[in-house]
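Enquirer: quick one, fold the following:
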Amino acid sequence: MPYEKNRNKILKSRYGITLEDYALMLAEQGGVCAICGAPPSEARVLDVDHCHESGTVRGLLCRSCNLCLGRMQDNPDILRRAADYLEANW
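Expert: So this is what the prediction gives:
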């Protein structure tokens, strides 16, 4: 119970969502990362992905996918070029 109370407080302050919102998002995504389809691990829940400019929550991602978006500056053009690069050099 203390974990859930603390988690709810963190989700509310950082992202403006509740544990119930998180659970609904997770269910809508089929319980997996919105990008790669990996389920959360026993040790780690899925990260809340959000726009750093507007604060809008976009979905739930595994740590790898969330870090990838951040390292690609949340820029779709860079991500497309990365995909093109991988396809051309596979």
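
Enquirer: show me the contacts for residue 14.
Expert: Under the criterion of CB atoms under 8 Å, 6 or more residues apart in numbering, the contact list for residue 14 reads residue 48. (Each C-beta comes from the backbone N, C-alpha and C, glycine too.)

Enquirer: buried ones in the host helix or strand of it?
Expert: Assigned by DSSP states H and E, residue 14 falls within helix 2-15. Applying a neighbour-count criterion of 16 or more other CB atoms under 10 Å, the buried positions in helix 2-15 are 8, 11, 15.

Enquirer: what of stretch 69-86?
Expert: residue 69.

Enquirer: what's the burial count for the closest residue to residue 44 other than its chain neighbours?
Expert: Nearest non-adjacent residue to residue 44, counting by CB to CB, 6 or more residues apart in numbering: residue 63, 6.5 Å away. Using other CB atoms under 10 Å, residue 63 has 15 other residues around it.

Enquirer: specify which member of the buried residues of helix 2-15 is nearest to residue 87.
Expert: Nearest to residue 87 among the buried residues of helix 2-15 is residue 15, at 33.5 Å by CB to CB.

Enquirer: now the buried residues of helix 2-15 in a markdown table, with distance to residue 25 and pLDDT?
Expert: Formatted as a markdown table, the entries for the buried residues of helix 2-15 read as follows, by distance: CB to CB, whole Å; pLDDT from 0 to 100:
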| residue | distance to residue 25 | pLDDT |
| --- | --- | --- |
| 8 | 14 | 93 |
| 11 | 11 | 96 |
| 15 | 10 | 96 |
